[in-house]
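[1] Make a model of this:
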Amino acid sequence: MKAILIAGALSLLGTLIGTRFAISVLVKKGYGQLIRDDGPTSHHTKRGTPTMGGLVVIASVLVAYFTAKLVTGISTDFKPGWEPSASALLLLFLFTGLGAIGFLDDFIKVFKQRNLGLRSKAKFIGQVVVGLIFAWLAIGWEDDTGETPITHFISFTRDFNGPELPTALLVVWVLVMIAGTSNGVNLTDGLDGLATGASVMVFGAFVIINIWQSNQNCSAINAGAKCYEVRDPLDLAVVASALTGACFGFLWWNASPAKIFMGDTGSLSLGGAMAGFALMTRTELLLVVIGGLFVAITASVILQVGFFKLSGGRRIFRMAPLQHHFELLGWAEITIVVRFWIISGLCVAAGLGIFYAEWVTGT
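    Numbers count the residues shown, from 1 in each chain. Below you'll find the predicted structure:
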């Protein structure tokens, strides 16, 4: 528990202090956000705002996690169990790997002064490569009991009873999860603080879920019938705490009017981390509820594009993603962000309620 608190506090301080320094550096180098001409006209005032703030989030999470583990090791005389777990290392790999792809996209945009960074095909290939490495390691990295970070079952609040997924199909499922969540957060990151604030709530939920799964883990001596077969849940809680703290600190600078944007560096990495948590905590389908805001915004884009093609040019929304539709209706940006945060909070509360209710009822 000490490591959870240390990681959260350090990452919070890291982004609070580090982002201020990053803003100064990025402004001096002229690494500002380019704004699409076909977007809401109110966004044109944001042109030149520093981007790639996700670098600070990634660095803060990594430093906070490993520092927390080191402090825990020192305080326990490095007794067995202090070292970083396989699950945490894999999640941090996924988080950092997708962040690197986002950084390339952001850097190309600001360096070449164009709105298009990596080609969509190149970005997708990068996501697949990182996802394949993550899936291969997570499926095959067994502990002393033979348990792996990811199982061959689909899960909601725990693994469903049923036939195991073939490895090839499981890998495809992992890639779909990673691509869906990383692009979902990327689409949500269109208004000041929107994606950052919603991410705080989602990662906060995973702190609670992981702590609960640790207390009710099947590896415990007094494990009950409703225990969870999850590997390294307490260490995953440390990572979730670091992510929650980092997003909180970054939100200080990213809230309207934003002094810095996270860019694809931040959105892809945060989305990938959400997928990693869902896969490792056996809450894959529950993420649809917990991350309901991201799902709704992604669905708005899919519906808009699909309807546009099928109807010969007609639209459901004035503009997609969904937050821009409300902008064109005349809603103030801060009003949209706060109301969408409320929706995100309700989704997280509903997800946690479902998770706990399943444990209580055992159904």
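
[2] Wait, Leu243 touches Phe203, no?
    Yes. At 4.3 Å, Leu243 and Phe203 qualify as touching, with contact defined as C-beta atoms under 8 Å. To be clear about C-beta, it is placed using only N, CA and C from the backbone, and glycine gets the same treatment.

[3] Name the residues contacting each of those two.
    Taking C-beta atoms under 8 Å, 6 or more residues apart in numbering as the criterion, Leu243 and Phe203 both touch Ala273.

[4] Please say which of those two ends up with more neighbours.
    Neighbours were counted for Leu243 and for Phe203 using other C-beta atoms under 10 Å; Leu243 has more, 34 against 26.

[5] For stretch 300-312, which outside residues touch it?
    187, 314-317, 320-322, 325.

[6] Which of the residues you listed are buried, as a ChimeraX select command?
    Filtering these down to the buried ones (16 or more other C-beta atoms under 10 Å) takes a single ChimeraX command:
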select :187,317,320,321,322,325
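
[7] Poorly predicted segments of the stretch 1-150 of the chain, please.
    32-46, 48, 77, 113-115 (pLDDT under 70).

[8] Swap in 80 and give it another go.
    For the stretch 1-150 of the chain, applying pLDDT under 80 flags the ranges 1, 30-48, 75-82, 111-117.

[9] how about the strands of it, start to end?
    Using DSSP state E, counting those that start in this stretch, the stretch 1-150 of the chain contains no strands.

[10] What are the boundaries of the helices in it?
    Secondary structure of the stretch 1-150 of the chain by DSSP state H, counting those that start in this stretch: the helices cover 2-29, 54-75, 86-112, 120-140.

[11] Now the ones you listed in JSON lines, please, with extra columns for distance to Thr151 and mean neighbour count.
    Output for these, formatted as JSON lines (distance: least, C-beta to C-beta, whole Å; neighbours: other C-beta atoms under 10 Å):
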{"stretch": "helix 2-29", "distance to Thr151": "24", "mean neighbour count": "19"}
{"stretch": "helix 54-75", "distance to Thr151": "24", "mean neighbour count": "21"}
{"stretch": "helix 86-112", "distance to Thr151": "12", "mean neighbour count": "22"}
{"stretch": "helix 120-140", "distance to Thr151": "9", "mean neighbour count": "17"}
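
[12] Kindly reformat the ones you listed as JSON lines containing distance to Met177.
    Converted to JSON lines, the helices of the stretch 1-150 of the chain look like this (distance: least, C-beta to C-beta, whole Å):
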{"stretch": "helix 2-29", "distance to Met177": "24"}
{"stretch": "helix 54-75", "distance to Met177": "20"}
{"stretch": "helix 86-112", "distance to Met177": "10"}
{"stretch": "helix 120-140", "distance to Met177": "8"}
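
[13] any idea which element Leu165 lies in?
    Counting by DSSP states H and E, no helix or strand carries Leu165.

[14] I'd like to know how many residues surround it.
    Going by other C-beta under 10 Å, the residues that sit close to Leu165 add up to 15.

[15] Give me the three-state assignment for the nearest residue to it once chain neighbours are set aside.
    Of all residues beyond its chain neighbours, the one nearest Leu165 is His152 (4.9 Å), with distances taken as C-beta to C-beta, 6 or more residues apart in numbering. Using DSSP: H, G, I helix; E, B strand; the rest coil, the structure places His152 in coil.

[16] tell me the SS of Arg318?
    Taking three-state DSSP, the label given to Arg318 is coil.

[17] and the gap between it and His324?
    Going from Arg318 to His324 by C-beta to C-beta, to the nearest Å gives 8 Å.

[18] In terms of neighbours, single out the busier of these two.
    Using other C-beta under 10 Å as the criterion, Arg318 and His324 rank with His324 on top: 21 against 13.

[19] Assign a three-state SS to the more buried one, would you?
    Using three-state DSSP, the secondary structure recorded for His324 is helix.

[20] For it, report the pLDDT, please.
    On pLDDT, His324 comes in at 92.

[21] for the record, mean pLDDT for the strand or helix carrying Ile354?
    Element membership for Ile354, per DSSP H and E: helix 333-361. Across helix 333-361, the average pLDDT comes to 96.
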